[in-house]
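> Any chance you can model this:
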Amino acid sequence: MAFEPPRRPEAARTADDLRRLATETIASAITRTRHALTAGTPYKYLLEGSRTLLFRAADMAATAKAKGVQAVVQGQSDPASQHTMLLRRDEPSARSRHRMHQRIRHRAIAGLGVVLSLAAFSSAVSTQAGRPQSPPSPSSRQEQQPRAEAPDPSCRPAPAGLAEDIRKIWAGFPGKTGIAVRQVGCDWVIGERLDTHFPQQSVSKLWVSIAVMDAVDRGAVRLDSRITLRPQDLTLFNEPMRWAILERGQVQLSVAQLIRNALQLSDNTANDRLLRLVGGPDRLRTMFRTKRLPGIRFGPGERLLQSGIAGLTWRPDFTLPGNFNAARSSLPAERRLAALDRYVADPVDGATPAGITLGLSRLARGSLLSDSSTAFLLDTLAHTRSGPRRLKGGLPPGWSIHHKTGTGQDLGRISTGYNDVGILVAPDGTRYAVAVMVGRTTKPIADRMAFMREVSAAVARRHGNARCTGPRCSPATSAR
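Here you go, the predicted model:
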């Protein structure tokens with residue numbers, strides 16, 4: 001629940017304004033924290049969402065002191081959870097105001113412990129003085145609706161020259177490829193083959209983790225819940241936990257750790273277990289509709305997807321070491337090639353570059369998940385270990401990236417589903433959602449990685465050309 005104060009200058013607010021706004025701000029922090037506690041959100045992500053609101057209340061309190069106002073901020077929950085913060089009146093001066101302002105800000109994090117306790121035991125919190133907050137309706141608890149979105153008022157037009165750079169990079173790389181670039185929160189998107197569906201492969205793990213965090217926000221899943229993985233849970237290809245599971249017979253990990261393994265290590269077994277946790281592929285497809293994420297498909301799960309791409313019918317013994325590769329190698333080359341061609345032409349797990357970047361943009365803005373869930377996912381994606389020489393490798397010092405890679409099956413010199421998608425963050429805080437999808441190519445890995453680095457380098461280079469002429473800059477025309 002985000003608190004948006006009126007846009008009136010601080011100096012023009014009355015004492016009553018300040019008392020009301022500070023009350024609303026602290027109430028909002030308590031409400032947000034109570035909901036996150038119920039969902040099992042880790043403590044560090046509660047801090048990120050709540051301390052901003054507490055600091056905002058401190059800012060208002062310091063301003064009230066400078067006016068010589070004795071402000072009382074009192075919680076409006078039940079009597080057992082009422083709390084009071086009293087600011088004594090002193091002679092207002094710039095120096096005393098600064099000292100008090102800093103002291104309150106420094107104590108805001110310590111005060112978060114009180115907020116956590118109040119949130120845990122409070123049954124209702126006021127969002128306006130004297131008006132209790134209405135509890136969420138049953139329908140809203142069952143399915144969190146996406147927030148209404150409007151373009152960010154700080155949006156810039158697409159950087160001059162970027163569309164030409166992207167077209168040149170795209171035209172210079174052989175194969176079936178797609179590129180999309182958009183500034184987070186803005187209407188414009190540029191790129192090539194924006195609306196063509198490309199194989200996602202492990203990029204789809206991003207949507208599984210979003211579905212898990214959506215379930216956390218709804219109270220259906222807790223991040224600290226322990227999940228048991230057994231040999232029958234094993235899948236194919238990249239499985240960092242495989243030998244530990246086989247040697248021990250079972251491994252227990254928290255939901256939070258499974259998400260980290262799926263996104264940072266691209267662990268297929270972790271991702272498949274999370275997919276079953278949230279209800280399977282149909283649940284993902286429902287999420288795409290309810291959260292209005294167009295252009296994104298979701299396949300049947302790792303086992304059926306990979307066996308189908310290879311021209312095989314899934315068998316449980318394929319999880320045993322070497323069995324899948326042996327069965328795949330025994331197929332006639334023509335059968336394998338035909339299956340691969342069908343997959344690339346109409347991928348069951350396909351997504352469009354435009355659709356992926358829209359999803360990334362909405363994730364970054366916080367319109368898909370709660371603040372704490374958004375912070376958790378972005379932090380996880382910032383520590384992705386795969387693909388350091390893809391998009392990440394093209395960024396200059398001072399830039400950062402939250403990203404997810406994907407790598408599909410090969411057949412001879414043909415490589416498929418080689419991808420990297422992410423949120424690029426400039427030193428000034430501007431964010432770009434970028435997707436580079438290689439559906440099919442015969443170029444070696446080094447050339448594929450260089451292709452992706454060229455795209456991220458072009459975004460960083462052209463970023464300095466972006467200029468906004470006002471708070472409502474006109475969106476640039478999309479290049480299709």
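> all strands for the stretch 151-300 of the chain, in order.
176-183, 190-192, 198-199, 226-229, 251-254 (DSSP state E, counting those that start in this stretch).
> in the fourth one, what counts as buried?
Within strand 226-229, the residues that qualify as buried are I227, L229, counting by 16 or more other C-beta atoms under 10 Å. Where C-beta positions appear, they are placed from N, C-alpha and C, glycine not excepted.
> ok, residues contacting it?
Strand 226-229 is contacted from outside by 241, 245, 250-255, 258, 269-270, 273, 277, using C-beta atoms under 8 Å, 6 or more residues apart in numbering.
> my guess is V278 contacts I210, does it?
No. Using C-beta atoms under 8 Å, V278 is not in contact with I210, being 9.8 Å away.
> neighbour-wise, which of those two wins?
Using other C-beta atoms under 10 Å as the criterion, V278 and I210 rank with I210 on top: 25 against 21.
> does the nearest residue to the more buried one once chain neighbours are set aside sit in a helix, a strand or a coil?
Nearest residue to I210 in three dimensions, chain neighbours excluded: L368, at 6.2 Å (C-beta to C-beta, 6 or more residues apart in numbering). Three-state assignment for L368 (DSSP: H, G, I helix; E, B strand; the rest coil): coil.
> number of nearby residues for L368?
L368, neighbours per other C-beta under 10 Å, totals 25.
> Let me know the pLDDT of it.
If you check L368, the pLDDT there is 98.
> Tell me if I'm right that G175 and M437 touch.
No. Between G175 and M437 there is no contact under C-beta under 8 Å: 10.4 Å.
> Mind checking which of the two has more residues around it?
The neighbour comparison of G175 against M437 (other C-beta under 10 Å) goes to M437, with 30 against 17.
> Got the phi and psi for that one?
phi -120, psi 120 (degrees, to the nearest 10).
> Counting by contacts, list what the helix or strand where A433 lies packs against.
Using DSSP states H and E, A433 sits in strand 431-441. On a contact count with 3 or more C-beta pairs under 8 Å, 6 or more residues apart in numbering; DSSP states H and E, strand 431-441 meets strand 176-183, strand 198-199, helix 353-365, strand 414-425, helix 445-463.
> R167: neighbouring residues, count only.
15.
> So it is in contact with E192, correct?
Yes. The criterion here is C-beta under 8 Å, and R167 meets it with E192 at 6.3 Å.
> if I pick G387, what's in contact with it?
H403, T405, D420, M449.
> Looking at the last one now. What's its pLDDT?
pLDDT, the model's per-residue confidence, is 98 for M449.
> how close does the residue lying closest to it once chain neighbours are set aside get to R342?
The spatially closest residue to M449, leaving aside those adjacent along the chain, is R389, at 4.6 Å (C-beta to C-beta, 6+ apart). Remark: distance between R389 and R342 (C-beta to C-beta, to the nearest Å) = 31 Å.
> and if you look at L305?
Counting by C-beta to C-beta - L305 and R342 are separated by 13 Å.
> Looking at these two, which one has more neighbours?
Remark: of L305 and R342, L305 carries more neighbours, 25 against 14, as counted by other C-beta under 10 Å.
> was I right about the more buried one contacting G299?
Yes. Counting by C-beta under 8 Å, L305 touches G299, with 4.3 Å between them.
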